[in-house]
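> sequence unknown, structure follows:
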């Protein structure tokens, strides 16, 4: 399903283009302002908790896994703005909004897109899958035996650790229990099978989403070019 959402890099490009269009509006209102720039952060898919040993050893349960290079260098912290400028900025944020760019991101509240409906249905089917349920029971028994307490009865996360070192220890035990239960990728593989089956029934709609995404990213790149961003940074 990842083909139908913005990649981390595409999301940085689109969001920066939207920021430029908002700041154009602010400048038209008579105020000097510009995008802050800087790098973005890629987040690990944690639908079924931590699943990668080396990331667990480095991050614990933190979802940030790598840096996404920005299209602009980070700028110095902005000085406080006047009430009139803040009012103009708020008005422009509201009037420009997303500037026609779709928010193709997984997990947005209220998202009724076909790709999100496929994910939600697949998650529900996965939750009832016999292989998944067997895996889940084995994992729960393992983490309980190691003294880890779940944050909730159906959660893949744990009650808080007292330190970063403790968090790393817990994350490594989590991955160890997943490995001993059959492998950390099992729930993701089951989910992918259900997604693939549904995608066949909605391929025409998904093709439209893919075209919409490609057009959105290309339009964003053109906005950035129009504002002086070099192709090398796109």
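Thanks, I have the structure now. Quick caveat: nothing in here was measured; it's all calculated off a predicted structure.
> what about the strands in the chain?
40-43, 64-68 (DSSP state E).
> ok, residue 18 - contacts?
Contacts for residue 18 (Cβ atoms under 8 Å, 6 or more residues apart in numbering) come out as 96, 98, 99, 101, 220. Placement of C-beta: from N, CA and C, glycine included.
> what is the burial count for the third one?
What that stands for is residue 99. Neighbours of residue 99 under the rule other Cβ atoms under 10 Å: 18.
> ok, it - contacts?
Neighbour list for residue 99: 17, 18, 21, 22 [criterion: Cβ under 8 Å, 6+ apart].
> now do the same contact list for the third one.
In this case it means residue 21. 96, 99, 223.
> read off the pLDDT value for the first one.
Listed pLDDT for residue 96 reads 97.
> swap in residue 99?
At residue 99, pLDDT is 96.
> with the one 10 residues further on instead?
What the model reports as pLDDT for residue 109 is 89.
> now do residue 192
Taking residue 192 on its own, its pLDDT is 96.
> and it, how far from residue 48?
12 Å (Cβ to Cβ, to the nearest Å).
> then residue 132?
Taken as Cβ to Cβ, the span from residue 132 to residue 48 is 9 Å.
> doesn't residue 71 make contact with residue 233?
Yes: between residue 233 and residue 71 there is a contact at 4.7 Å, judged by Cβ atoms under 8 Å.
> what about the two, which has more around it?
Counted by other Cβ under 10 Å, residue 233 and residue 71 do not tie: residue 71 has more neighbours, with 25 against 13.
> what is the neighbour count of residue 49?
By the measure other Cβ under 10 Å, the count of residues near residue 49 is 21.
> which residues touch residue 3?
So residue 3 contacts residue 210 (Cβ under 8 Å, 6+ apart).
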